[in-house]
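**Student:** My questions are about this predicted structure, shown below with the sequence.
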Amino acid sequence: MQEDIHTIGIDARMFGTAQAAGIGQYAEELVRHLVKNDPANQYHVFVTGEAGSAFPIYAPNLTKTVVPYPHYTYSEQFLYPGILQKTKLDLVHYTNFNSPIFFHKIPSIVTIHDLTLWFFPGRQQTGPLKRLLYRVVIRRACQNARHIIAITEATKQDIVRLLKIDPSKITVVYEAASDRYRPTSLSSNLDQLKRKFNITKPYFLYVGQWRAHKNVIRLIRAFAIVRRRYQLDCQLVLSSKIDSAYPQVQSTIKELGLRDDVILTGYVADSELPYLYGGADCFVFPSLYEGFGLPPIEAMACGTPVVSSNTSCMPEVLGEAARYFDPLDVEEMAKVMAEVGKSYSLKRELKAKGLQQAKLYSFDRMAKETLAVYRKVLG
C-alpha cells in the first residue's frame, strides 16, 4: 500500500540570524538532508528577512515562504499562525522553542536545544517579567507539541526535570558538525591567518560567545597559570565577536598583563575556522552549560586535541576523546591544559580519538532520525 503524502512545515526563521547562527545552521542542514532522504513528502520552509530569502531550495518537493514575523515577537504569536494555517500543513516542526503558544490547529514537533536561559538569563532576559515569559513560552511549546526532539540525553533530562514533561514524549536526536570541518593540508591558509591575527606561538583555541555561562574569564585566568606556573610559552586565541556587553573579558586580560598573548580575533569567517581549529595545539571548552556543544566536535573533526569542562552534556557528547576539568576550578583547568599542551603523545592520542568521535555525528543520521519522529506523529 502506498503511503500518504504529507505536507510538513519547517520553521527556519532563525536561518541567517547572527544571534542564533547555530540554530539557523541546524534548520538548514535538517531541511537539506530531509528532502534528500524523503522525496515523497512535501516540505515547506518558513524563513524571515533578507537572509531568509537566500535559503536554498534543494529539491522539487521543497517550497519556501518568507514571513515578516521574526522570532521572539508578538507577531510570531498572533499573526504567524495565520500563515501556517493557510499553507495547509499536516505537521509543523518548530526548530526552536519560540513557537505560537496559543495555536493548536496543526500537530507540531518542537526541538529543544538547551535550557541555557533557565539557568543563565541573557541580556534580553534581564527583568523578572522577561524571565517569566521565557519559562511560560518554553513550557507551553513543550506541552503543545505532539513530540519533542532533544539534542542530547542531558537536555532531555533537563526538560523532564524542569518542565515536567513525560520522558516518553521526548526523542534524543544528536546534531553534527558541518562537513567543512575536517583536517586541512593547506598550510599557507593557516600562515595567512596567523599573520592576520598576530599569532606567533603555539596556541590554545576557544571558539564561542562571551556570555556568562561560557566561562571565558576563568579560562583567561587558567591560561595565565599555564604560562607562569607551568612555563608554557604559548598564546590563547579567543575566536568570537568582541562583545562590548562583557568588558570584563578585556579588563581581565589587561589586569593579568596578557595583552600580547591573548588574541581577540573578532568574527572569523566559516571558511577560515577549519584552519584556525587545525592549527591549534589544543582546543579548550570551559562552558558551564551546553545543550550539545558544537565547537569541540568541530575541533575534533579538524584533528585538534580537546580539553573540556565536565558539566552538562559534555562527557555524553565527547566521550573518551577529551580530557576533562571542573570548570569552576581555575587551578584544575590550568593543570589539564598544561598536561595536554606539554605532551606530544597525549595530543596525538586525543587527536586520533577525536577524529573517531566526530564521525559518530552526521546531519544525514540526524535527518533520518527526525523523519522517524515525523512518521510516528503522522501515524
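**Tutor:** Ah, there it is. Residues are numbered from 1 along each chain as shown.

**Student:** what is residue 110 paired to in the beta sheet?
**Tutor:** Judged by DSSP bridges, the bridge partners of residue 110 are residue 94, residue 148.

**Student:** Distance check, it against residue 369.
**Tutor:** 16 Å (C-beta to C-beta, to the nearest Å). In this view, the C-beta of every residue, glycine as well, is placed from N, C-alpha and C.

**Student:** If you count surrounding residues, which of the two has more?
**Tutor:** The neighbour count for residue 110 versus residue 369, taken as other C-beta atoms under 10 Å, is higher for residue 110 (24 against 14).

**Student:** contacting residues for that one?
**Tutor:** 93, 94, 96, 97, 99, 141, 142, 144, 145, 148, 149 (C-beta atoms under 8 Å, 6 or more residues apart in numbering).

**Student:** which residues touch the closest residue to the first one other than its chain neighbours?
**Tutor:** Meaning residue 93. Distances taken as C-beta to C-beta, 6 or more residues apart in numbering put residue 109 closest to residue 93, at 4.6 Å, once the chain neighbours are dropped. Applying C-beta under 8 Å, 6+ apart, we find residue 109 in contact with 91, 92, 93, 94, 145, 146, 147, 148, 149, 373, 374, 377.

**Student:** Of those residues, just the buried ones, ChimeraX syntax please.
**Tutor:** To isolate the buried ones among those in ChimeraX, judged by 16 or more other C-beta atoms under 10 Å, type:
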select :91,92,93,94,145,147,148,149,373,374,377
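
**Student:** In terms of helix, strand or coil, where does residue 236 fall?
**Tutor:** Recorded secondary structure, residue 236: strand (DSSP: H, G, I helix; E, B strand; the rest coil).

**Student:** Quick one: residues contacting it.
**Tutor:** Contacts for residue 236 (C-beta under 8 Å, 6+ apart) come out as 203, 204, 205, 206, 219, 220, 223, 258, 261, 262, 263, 284.

**Student:** rerun at 7 Å
**Tutor:** Residues in contact with residue 236 (C-beta atoms under 7 Å, 6 or more residues apart in numbering) are 203, 204, 220, 223, 261, 262.

**Student:** Return the distance of the fifth one relative to residue 287.
**Tutor:** Using C-beta to C-beta, one obtains 22 Å as the distance from residue 261 to residue 287.

**Student:** between those two, who's got more neighbours?
**Tutor:** residue 287 (25 against 19).

**Student:** pLDDT weak spots in the stretch 251-379 of the chain?
**Tutor:** Along the stretch 251-379 of the chain, the model assigns pLDDT under 70 to no residue.

**Student:** I meant the stretch 101-250 of the chain, not that one.
**Tutor:** The stretch 101-250 of the chain contains residues with pLDDT under 70 at 122-126.

**Student:** what ranges do the helices span in it?
**Tutor:** Here the stretch 101-250 of the chain has its helices, by DSSP state H, counting those that start in this stretch, at 116-119, 128-144, 153-163, 187-197, 216-228, 248-255.

**Student:** most packed of the ones you listed?
**Tutor:** helix 216-228 (a mean of 21; mean count of other C-beta atoms under 10 Å).

**Student:** how about the strands of the stretch 1-150 of the chain, start to end?
**Tutor:** Counting by DSSP state E, counting those that start in this stretch, the stretch 1-150 of the chain has these strands, from start to end: 7-11, 42-47, 62-66, 91-94, 108-112, 147-150.

**Student:** Distance from the fifth one to the middle of the chain?
**Tutor:** What that stands for is strand 108-112. With C-alpha atoms, centre = their mean, to the nearest Å as the basis, strand 108-112 stands 16 Å off its chain's centre.

**Student:** Residue 358 versus the closest residue in space to residue 178 that isn't next to it in sequence, what's the distance?
**Tutor:** Sequence neighbours aside, residue 25 is the residue nearest to residue 178 in space, at 6.9 Å (criterion: C-beta to C-beta, 6+ apart). With distances taken as C-beta to C-beta, residue 25 is found 16 Å from residue 358.
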